[in-house]
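[1] Build me a structure from this.
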Amino acid sequence: MILTKKQLFTDASSKDNLANKAVNNGIITIIEQMIRLILQVSSTSILARYITPDSYGLISMVAVVTNFVAIFKDVGLSIITIQKEHITESESSNLFWINVALSTALGVLVALFSPIVSWFYGRSELIGITIYMGIALAISGISMQHQALLKRNLRFDSIFVINIASYFISLVVMVVMAIYGYEYTTLVVGTLVQNILITLITFFCCRWIPQKYDKHTKIGSMVKFGINVTTFEFVNYFTRNLDNILIGKYCGSEQLGLYSKAYQIVYMPINRIRAPINNVALPIMAKVSTDSQRLRRYFKIQTMILSIIVIPLMMGIFSNARDSILLLFGENWLQMEFVFKVLSFVAIFQPVFSASGTVFMALGRADLHLSAGIYTSACTVISFIIGVNYGVNGVAVAYACSSIITQFISFAILFKNSAIKLYDLVEGVLPTTVSAIIACVLCTLIKKHIVISGLFFRFIFSFSTLYIIFICLMLVIPTGRAQLLYIINLILSKFKLSKKNQ
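    Residues are numbered from 1 along each chain as shown. So this is what the prediction gives:
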């Protein structure tokens, strides 16, 4: 699990047995995200009973600023470390010092802006919150190059330990503080503790001490790539958080707390699935970036896995919105039901479309990714400005409409002159989508004729029924059956190989 300097900078670009490595690391990351999802859902359910929507709204107000500034602490340098075919210790050292300098400067900048944040929203508590979140931001940038090197070397077992250990300990701290009534301070301290632990455990797993900054080592092309990545993240972040800004300004902290919590709980499982699969896919695709056929094959596998996992899950969340809210938060949060349903509907296909970004990062074409991002963001910004006139529900509906339209158009633009076509995406998604929609409809009809007492048992019955129907339908459809069997064979081959090596 622990990597030394010699192991880090030995040629990490081996293209042998990539399929098995992808499955092995994919299983590790999916298990990690499942554990984190269970922990987060459990802690969210507990914290929501001790922390008010107003406190969550205060944190969301500050998060708009800190998350925006956090885009620039890395400027895409972690991705270039993973994507670059060959990288030297001197280059990594220079990138490390750039990350440290940027994250420190940005943390100080956030602290200096705390009075402005407080003035904008009219809440004095935001000064202290913003300062401490700035400190957390500065700490988070220190270990970014070390984590990038671990991913480059496909050491997702180390990433597993880093994420789970830091996440679990910080959650324990937050639950204890929430029970004792610390409100928003709980969330601030939890963020600080988690970032400190991530840094310490990363340094333990990656035993590399960076060299001094070497001005003779040329990293201009790497920085240029990073600037394109950061510009996309900047545009994307502004777009994705404009809804929070508008709601916080014109609807108040309580409405923002409801909206942000609905958004969080909907995208919590998605991010726990999408992020690890894309993280594993990036270094794998980077190694075959010059082989268009293999690249296309891995893309189809990636989208197929994402669709099979995400689409039925989001269909289930959509059809069980009310029970999900009651189970996780209680009756005080039922005001978010409409927003919850709208966001869960639009989230059905987003993870699948996000796979296109992985391809362009692997190809080193961040410029094309940026162009599509600018177009998508412009449409989304317009939708938010229109939607806020109708309150929180209007923002959610406007976002849903613009997101569905722009995702298909931007994908078609991105892959116009590529070996990967829109057909490849549709081929992988269609059987899953059809099966999930039919399963959702049948499950809804079944629930109307079967009365089950107890919220928890009703929730479990509904999800179990939907998944049983979904799997049966996938097995009936020839392409769906082929997809399921392919994934099962990949997993079985991994375990067979592990047993053989023992």
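[2] Can you get me a residue count around Ser402?
    Taking other Cβ atoms under 10 Å as the criterion, the count of residues near Ser402 is 23. No exception for glycine: its C-beta is placed from N, CA and C like everyone else's.
[3] Check the gap between it and Val339 for me.
    16 Å (Cβ to Cβ, to the nearest Å).
[4] Over to Ser158?
    For Ser158, the distance to Val339 - Cβ to Cβ - is 38 Å.
[5] could you list every residue that touches Asn245?
    One correction, residue 245 is Ile, not Asn. By Cβ atoms under 8 Å, 6 or more residues apart in numbering, Ile245 lies in contact with Val64.
[6] Just the element for it, please.
    Per DSSP states H and E: Ile245 is located in helix 220-250.
[7] After that helix, which helix or strand is next?
    Criterion used, DSSP H and E; the element after helix 220-250 is helix 253-287.
[8] Distance from that next one to the middle of the chain?
    3 Å (Cα atoms, centre = their mean, to the nearest Å).
[9] Let me know how buried the residue nearest to Glu254 when sequence neighbours are not counted is, in neighbour terms.
    Distance criterion Cβ to Cβ, 6 or more residues apart in numbering; nearest residue to Glu254, sequence neighbours excluded, is Pro53 at 5.1 Å. Counted with other Cβ under 10 Å, residues neighbouring Pro53 total 23.
[10] Over to Val176?
    11.
[11] so how far is Ser344 from it?
    Going from Val176 to Ser344 by Cβ to Cβ gives 31 Å.
[12] Now do the contacts for the residue nearest to Glu254.
    Taking Cβ under 8 Å, 6+ apart, we find Pro53 in contact with Ser253, Glu254, Gly257, Leu258, Lys261, Asn332, Trp333.
[13] how about 6 Å then?
    Pro53 makes contacts with Glu254, Gly257, Leu258, as judged by Cβ atoms under 6 Å, 6 or more residues apart in numbering.
[14] Specify which member of these is nearest to Leu137.
    For the contacts of Pro53, the closest approach to Leu137 (Cβ to Cβ) belongs to Gly257, at 21.9 Å.
[15] That closest one is in contact with Ser55, isn't it?
    No: if you go by Cβ atoms under 6 Å, Gly257 and Ser55 don't touch, sitting 7.4 Å apart.
[16] higher neighbour count, these two?
    Counted by other Cβ under 10 Å, Gly257 and Ser55 do not tie: Gly257 has more neighbours, with 25 against 22.
[17] Run through the residues that contact that one.
    Pro53, Tyr56, Gly57.
[18] Show me those that map onto helices.
    Using DSSP state H, the members of those that fall in helices are Pro53, Tyr56, Gly57.
[19] Could you single out the nearest of these to Thr358?
    Nearest to Thr358 among those, with distances taken as Cβ to Cβ, is Tyr56, at 31.2 Å.
[20] Excluding residues flanking it in the chain, which one is nearest that closest one?
    Per Cβ to Cβ, 6+ apart, closest to Tyr56 is Gly257, 4.1 Å.
[21] And the one you found, what's its pLDDT?
    With respect to pLDDT, Gly257 has a value of 77.
[22] I'd like to know how far it sits from Gln335.
    10 Å.
[23] cool, and Val451?
    Val451 is 26 Å from Gln335, by Cβ to Cβ.
[24] Neighbour count: those two, which is higher?
    Gln335 (17 against 7).
[25] how about the nearest residue to that one, chain neighbours excluded?
    Leu258 (5.6 Å).
[26] unless I'm mixing things up, that neighbour is touching Met336, no?
    Yes: the pair Leu258 and Met336 passes the contact test of Cβ under 6 Å, sitting 4.5 Å apart.
[27] quick one, helices of the stretch 101-250 of the chain?
    114-121, 126-140, 144-152, 156-179, 184-205, 220-250 (DSSP state H, counting those that start in this stretch).
[28] Can you say which of those helices is packed in most?
    Of all the helices of the stretch 101-250 of the chain, helix 144-152 carries the top mean neighbour count, a mean of 24, counting by mean count of other Cβ atoms under 10 Å.
[29] thinking Phe338 is in contact with Asn393, fair?
    Yes: here Phe338 reaches Asn393: they are 5.4 Å apart, a contact under Cβ under 6 Å.
[30] Going by secondary structure, the nearest residue to Ile129 once chain neighbours are set aside is in what exactly?
    Ranked by Cβ to Cβ, 6+ apart and with sequence neighbours excluded, the top spatial neighbour of Ile129 is Val62, at 4.9 Å. Using DSSP H and E, Val62 sits within helix 53-70.
[31] same check, this time on Glu91
    Here Glu91 is assigned to helix 89-112, by DSSP H and E.
[32] Off-centre distance for that helix?
    For helix 89-112, the distance to the chain centre is 23 Å (Cα atoms, centre = their mean).
[33] That one - what's its average pLDDT?
    Averaging pLDDT along helix 89-112 gives 86.
[34] just checking, what packs against that helix?
    In this structure, helix 89-112 packs against helix 53-70, helix 126-140, helix 144-152, with contacts taken as 3 or more Cβ pairs under 6 Å, 6 or more residues apart in numbering; DSSP states H and E.
[35] Output the below-cut-off pLDDT ranges for the stretch 401-502 of the chain.
    Residue ranges of the stretch 401-502 of the chain with pLDDT under 70: 413-414, 416-417, 490-502.
[36] run the last query once more with 50
    Scanning the stretch 401-502 of the chain for pLDDT under 50 picks out the ranges 497-499, 501-502.
[37] follow-up on the earlier one: how much space separates the residue nearest to Ile129 from Ser114?
    In terms of Cβ to Cβ, Val62 sits 9 Å off from Ser114.
[38] which neighbours do these two share?
    Joint contacts of Val62 and Ser114 (Cβ under 6 Å, 6+ apart) are Thr130.
[39] wouldn't Ala262 be in contact with Met336 here?
    Yes: using Cβ under 6 Å, Ala262 makes contact with Met336 at a distance of 4.2 Å.
[40] so what sits against both of those two?
    What both Ala262 and Met336 touch, as defined by Cβ under 6 Å, 6+ apart, is an empty set.
[41] for Ile87, what are its contacts?
    By Cβ under 6 Å, 6+ apart, Ile87 has no neighbours at all.
[42] repeat that with 7 Å
    Contacts for Ile87 (Cβ atoms under 7 Å, 6 or more residues apart in numbering) come out as Thr81.
[43] Which of the three states applies to it?
    On the three-state scheme (DSSP: H, G, I helix; E, B strand; the rest coil), Ile87 is labelled coil.
[44] any idea how far it is from Gln145?
    10 Å.
[45] now swap in Tyr180 and tell me
    38 Å.
[46] which parts of the helix or strand containing Ala436 are buried?
    Element membership of Ala436 [criterion: DSSP H and E] is helix 422-449. Neighbour counts over helix 422-449 (16 or more other Cβ atoms under 10 Å) mark 424-425, 428-429, 431-437, 439-440, 443, 447 as buried.
[47] Quick check: the farthest pair among those residues?
    Pairwise over the buried residues of helix 422-449, using Cβ to Cβ, the maximum falls at Asp424 and Lys447, 35.8 Å.
[48] For the nearest residue to Leu466 once chain neighbours are set aside, give me its contacts.
    Leaving aside its sequence neighbours, Leu466 sits nearest to Cys443 (Cβ to Cβ, 6+ apart; 4.3 Å). Neighbour list for Cys443: Ser319, Ser462, Thr465, Leu466, Ile469 [criterion: Cβ under 7 Å, 6+ apart].
[49] Mind doing that once more with 10 Å?
    With contact taken as Cβ atoms under 10 Å, 6 or more residues apart in numbering, Cys443 is in contact with 315-316, 319-320, 461-470.
[50] can you check Leu58 too?
    Counting by Cβ under 10 Å, 6+ apart, Leu58 has contacts 52, 121, 123, 125-126, 129, 183-184, 187-188, 248, 253, 256-257.
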